[in-house]
Structure formats: structure tokens, C-alpha cells
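Asker: Based on what follows, work out the 3D shape:
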Amino acid sequence: MPSPPPHPTSQDRRTAYWRENLRYLVILLSIWFVVSYGFGILLAEPLNHYRIGGARLGFWFAQQGSIYVFVVLIFVYVWLMNRLDGKYGFGE
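Answerer: Below you'll find the predicted structure:
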């Protein structure tokens with residue numbers, strides 16, 4: 001009869017948890033960078049051909065859009081971290 005696979009140690013769980021947390025951070029901060037720097041600065045001229053709420057879209061991304069996206073990303077991060085805490089047993 002084969003023996004069951006070894007249970008991951010506490011250090012292995014912490015390392016996997018941290019690695020997944022860093023992956024989430026890189027993805028979410030990359031999204032924010034693309035929205036704030038890409039849309040607000042690099043692509044502002046092409047986006048300014050469109051309007052949102054009376055403002056040119058490139059200007060809107062530079063002034064408000066990146067802030068809105070950042071707030072949404074905070075809520076997404078909280079949701080992801082709650083799931084991650086439950087997955088690795090680090091819940092409250």
C-alpha cells in the first residue's frame with residue numbers, strides 16, 4: 001500500500017501563499033499602469049477624439065479614470081486576498 005503524499009509544511013504554504021500574492025500584485029499594478037500611464041499619457045491624443053461626460057477621453061483617463069480604476073482594483077485585490085486566505089487556511 002503506497003503511503004499518502006507528504007503534507008506541505010507550514011513554510012511551503014507560506015511560500016506558495018506569498019508567491020500567489022505577488023502574482024496578484026504584479027497583475028493588478030500592471031493594469032493600473034496601463035490605464036494611468038498608457039491611456040492617460042501615451043494614448044491621450046488618439047483617445048481625445050472621443051468624449052465621456054463632456055470631457056475628452058484621454059483627459060478623463062489622466063484626471064479621473066485612473067483613480068476610478070485604482071479604487072476598483074483595491075476591491076478586486078481584497079476579494080482575491082480573501083479567497084487566497086481561505087485557500088491556504090490563513091483566514092481570520
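Asker: How about stretch 65-77, which residues are buried there?
Answerer: 65-66, 69, 73, 77 (16 or more other C-beta atoms under 10 Å). All C-beta atoms are positioned from the backbone trio N, CA, C, and that covers glycine.
Asker: whoops, stretch 27-38 was the one
Answerer: 28, 32, 35-36.
Asker: nearest to residue 42, of the buried residues of stretch 65-77?
Answerer: residue 66 (12.6 Å; C-beta to C-beta).
Asker: Can you check my assumption that residue 68 lies in a strand?
Answerer: No. Per DSSP: H, G, I helix; E, B strand; the rest coil, residue 68 lies outside any strand segment and is helix.
Asker: how about low-confidence regions in this structure?
Answerer: Where the chain drops to pLDDT under 70, the residues are 1-8, 92.
Asker: so which helix or strand takes in the residue positioned nearest the centre of the chain?
Answerer: In the chain, the residue lying closest to the centroid (C-alpha atoms, centre = their mean) is residue 28, at 2.0 Å. Per DSSP states H and E, residue 28 falls inside helix 10-33.
Asker: Got phi/psi on residue 50?
Answerer: phi -110, psi 160 (degrees, to the nearest 10).
Asker: Likewise for the one 3 residues further on?
Answerer: Reported as degrees, to the nearest 10, the phi and psi values for residue 53 are phi 60, psi 30.
Asker: tell me the contacts of it?
Answerer: residue 60 (C-beta atoms under 8 Å, 6 or more residues apart in numbering).
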